[in-house]
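A.B. asks: Predicted model and sequence follow; I will ask about them next.
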Amino acid sequence: MNQEIEKRSVEEFKNYTGHYPESVHADKIYRTRENRKFCKEKGIRMSGPPVR
């Protein structure tokens, strides 16, 4: 569920503005491997607390 929220937010941003955001600021719960990979593939910088 968390991964879906992150991706959906980014895709909604793209649909609204016509481009992906430069960066995403996420809490630990959203900094999953899958979300980090998604952001990297789209050229989006992800920042937030480190994942342990």
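C.D. replies: Arrived safely.

A.B. asks: rest of the way, CA atoms for contacts and neighbours
C.D. replies: Will do.

A.B. asks: can you pull the buried residues of the helix or strand bottoming out on mean pLDDT in the chain?
C.D. replies: Lowest by mean pLDDT, DSSP states H and E among the helices and strands of the chain is helix 2-17, with a mean of 86. Using 16 or more other C-alpha atoms under 10 Å as the test for burial, helix 2-17 gives 3, 6-7, 10-11.

A.B. asks: following it, which helix or strand comes up?
C.D. replies: strand 23-25 (DSSP states H and E).

A.B. asks: Sheet partners, orientation included, of that next one?
C.D. replies: According to DSSP bridges, strand 23-25 forms sheet pairs with strand 45-47 (parallel).

A.B. asks: Could I get the buried residue list for the strand it pairs with?
C.D. replies: For strand 45-47, by 16+ other C-alpha under 10 Å, it's Met46.

A.B. asks: Need the mean per-residue confidence for it.
C.D. replies: Averaging the model's pLDDT scores along strand 45-47 yields 92.

A.B. asks: related to what we said a few turns ago, C-alpha coordinates for the least confident helix or strand of the chain, CSV please?
C.D. replies: What follows is helix 2-17, C-alpha atoms only, in CSV (Å, rounded to 0.1, in the frame of the first residue of the first chain):
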residue,chain,number,x,y,z
ASN,A,2,2.7,2.5,0.9
GLN,A,3,4.5,2.0,-2.4
GLU,A,4,1.3,2.6,-4.3
ILE,A,5,0.7,5.9,-2.5
GLU,A,6,4.2,7.2,-3.4
LYS,A,7,4.0,6.2,-7.0
ARG,A,8,0.5,7.5,-7.4
SER,A,9,1.5,10.9,-5.9
VAL,A,10,4.4,11.2,-8.3
GLU,A,11,2.3,10.2,-11.3
GLU,A,12,-0.4,12.7,-10.3
PHE,A,13,2.2,15.4,-10.1
LYS,A,14,3.4,14.5,-13.6
ASN,A,15,-0.2,14.5,-15.0
TYR,A,16,-0.8,17.9,-13.5
THR,A,17,2.5,19.6,-14.5
